[in-house]
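# below are the sequence and a predicted model for it; my questions follow.
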Amino acid sequence: NAGVTQTPKFRVLKTGQSMTLLCAQDMNHEYMYWYRQDPGMGLRLIHYSVGEGTTAKGEVPDGYNVSRLKKQNFLLGLESAAPSQTSVYFCASSYETGVQPQHFGDGTRLSIL
Amino acid sequence: AQSVSQHNHHVILSEAASLELGCNYSYGGTVNLFWYVQYPGQHLRLLLKYFSGDPLVKGIKGFEAEFIKSKFSFNLRKPSVQWSDTAEYFCAVNTWAGNKLTFGGGTRVLVKP
């Protein structure tokens, strides 16, 4: 049982490039989340999904897009990367909203030059 | 919007010392409360959670937290820390009406051997 798997683990991009981060969970969770972690700011929610085919904006959605075409996968896209998007990105999933704890992936360290 | 404050950004202490980390939230309704721990280079793991009932909650590795509703607080404690407790600790809050967690900014704890 892998839990929450994120790919890739590390990536370096140039400003203006695009990329997609993949999150996959094998726990049949309905809810999935994308966070970014920056020093001193904790985790901030980018986008989340309450089920297959649904997405919603979180606290810091600008510059990101997401898709949840399959229940087990939640993709985070950067259309035109900016240095301000240099961060560690975490995906999480949960069975129910808030009541059950969220399970986190190992993170993706993304650097934008 | 709800917010979570962790007043200590960095804590340094020696092994066997007692630890207390503060967490305050701003939301007047019913909440679910969590403490997560992030060991260096790893993802977040659930330390303990409070949903209802006894306001003193015990978690893994000897940690406990006390929910004081009148003070909007959920402080984390450990009577005697070990070097292996070196990590960053995050408080998080979810409201029963919400779909997502709000995280505090984190407290980095360094335990000197």
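Perfect, thanks for sending it. A quick note: this is a predicted structure, and the numbers were derived from the prediction, not measured.
# who in chain B is up against chain A?
Residues of chain B lying close to chain A by C-beta under 8 Å from any C-beta of the partner chain are B:4, B:6, B:9, B:32, B:34, B:42-46, B:49, B:51, B:90, B:94-96, B:98-106. For the C-beta atoms, the positions are set from N, CA and C on the backbone; glycine is no exception.
# just those: which are in strands?
Mapping the residues of chain B next to chain A onto strands (DSSP state E) picks out B:4, B:32, B:34, B:44-46, B:49, B:90, B:94-95, B:102-103.
# hmm, which of those residues is lowest in pLDDT?
Looking at pLDDT alone, those dip lowest at residue B:95, where the score is 73.
# distance check, the closest residue in space to residue A:31 that isn't next to it in sequence against residue B:67.
If the residues on either side of it in the chain are set aside, residue A:31 comes closest to residue A:94, at 4.6 Å by C-beta to C-beta, 6 or more residues apart in numbering or on different chains. Using C-beta to C-beta, to the nearest Å, residue A:94 is found at 21 Å from residue B:67.
# more crowded one of the two?
Each of residue A:94 and residue B:67 has its neighbours counted (other C-beta atoms under 10 Å in any protein chain shown); residue A:94 has more, 23 against 20.
# residue A:22 touches residue A:9, doesn't it?
No - with contact defined as C-beta atoms under 8 Å, residue A:22 does not reach residue A:9; the gap is 11.3 Å.
# out of the two, which sits in the busier spot?
Neighbours of residue A:22 and residue A:9, each counted by other C-beta under 10 Å, are more numerous for residue A:22; the result is 15 against 10.
# follow-up on the earlier one: any idea of the pLDDT on the residue nearest to residue A:31?
Taking residue A:94 on its own, its pLDDT is 89.
# is it in contact with residue A:101, as I believe?
Yes - using C-beta under 8 Å, residue A:94 makes contact with residue A:101 at a distance of 6.8 Å.
# what's the most distant pair in the ones in strands among the residues of chain B next to chain A?
The two members of these with the most space between them (C-beta to C-beta) are B:45 and B:95, at 22.7 Å.
# compare the two and say which is more crowded by neighbours.
Between residue B:45 and residue B:95, counted using other C-beta under 10 Å, residue B:95 has the larger neighbour count: 19 against 14.
# the more buried one bridge partners, please.
For residue B:95, the beta-bridge partners are residue B:31 (DSSP bridges).
# residue contacts, it?
Applying C-beta atoms under 8 Å, 6 or more residues apart in numbering or on different chains to residue B:95 gives the contacts A:98, B:2, B:27, B:29-32.
# how about a cut-off of 7 Å?
Taking C-beta atoms under 7 Å, 6 or more residues apart in numbering or on different chains, we find residue B:95 in contact with B:2, B:27, B:29-31.
# rewinding a little: any idea which of the ones in strands among the residues of chain B next to chain A is closest to chain A?
When these are ranked by distance to chain A (C-beta to the nearest C-beta), residue B:94 comes first, at 3.3 Å.
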